[in-house]
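**Q** sharing a model prediction with you, sequence too.
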Amino acid sequence: MPAVEIRQALEPEQFSTFFKFCFERHPIDKCLSHFAMLLNSPGHQAEGNPKTWEDYLERGVFPNNSPIYTDEGGNLLVDRIYKYEELAQSIKDVCAEIGVSGAELTVFEKAGFRHRVPEFATVMRNAAQKDRIMKAFESTLRFVDYVAAAK
């Protein structure tokens, strides 16, 4: 649920006192995962979905989630953005922040859809593809220190 909608549903004082957080993933890895889901997940296959990585890039519909955690002006509405690659430790940090103990990540719901998809390292060697994705995620990169050369 977008943070803007949560903020609208609450009293301003309530929203400001809650610990608000989200997770982000490296834009290229996120796009590779999104493409794999569109290609391989029975629940997401649809007519018109891209069939190749090049088609996916040409279509240009990327999973940029910054509008979910920013307001209409692009201002950050969450207190912390955690990196997806650090998910297990981040869950522990969130639990400590809100006073919950014993939570641990044990389920990986969408694992297994990445077969038949280019690897991250291959895409990283293709400067034009890399640049297209990183440009599409400029709003995300304002808040998360991902760089094009590192996962």
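**A** Received, thanks.
**Q** burial measure for the residue found closest to residue 64 once you drop the neighbours it is linked to in the chain, as a count.
**A** Excluding the flanking residues, the one nearest residue 64 by Cβ to Cβ, 6 or more residues apart in numbering is residue 137, at 5.6 Å. (C-beta placed from N, C-alpha, C; glycine too.) Here the number of neighbours of residue 137 (other Cβ atoms under 10 Å) works out to 22.
**Q** next one: residue 122
**A** Applying other Cβ under 10 Å, I find that residue 122 has 12 neighbouring residues.
**Q** where does it land in three-state SS?
**A** Three-state call for residue 122 (DSSP: H, G, I helix; E, B strand; the rest coil): helix.
**Q** how near is it to residue 19?
**A** Separation of residue 122 from residue 19 (Cβ to Cβ, to the nearest Å) stands at 38 Å.
**Q** and for residue 39?
**A** Between residue 39 and residue 19 the computed distance is 36 Å (Cβ to Cβ).
**Q** more neighbours, these two?
**A** The residue with more neighbours, out of residue 39 and residue 19, is residue 39; 21 against 11, by other Cβ under 10 Å.
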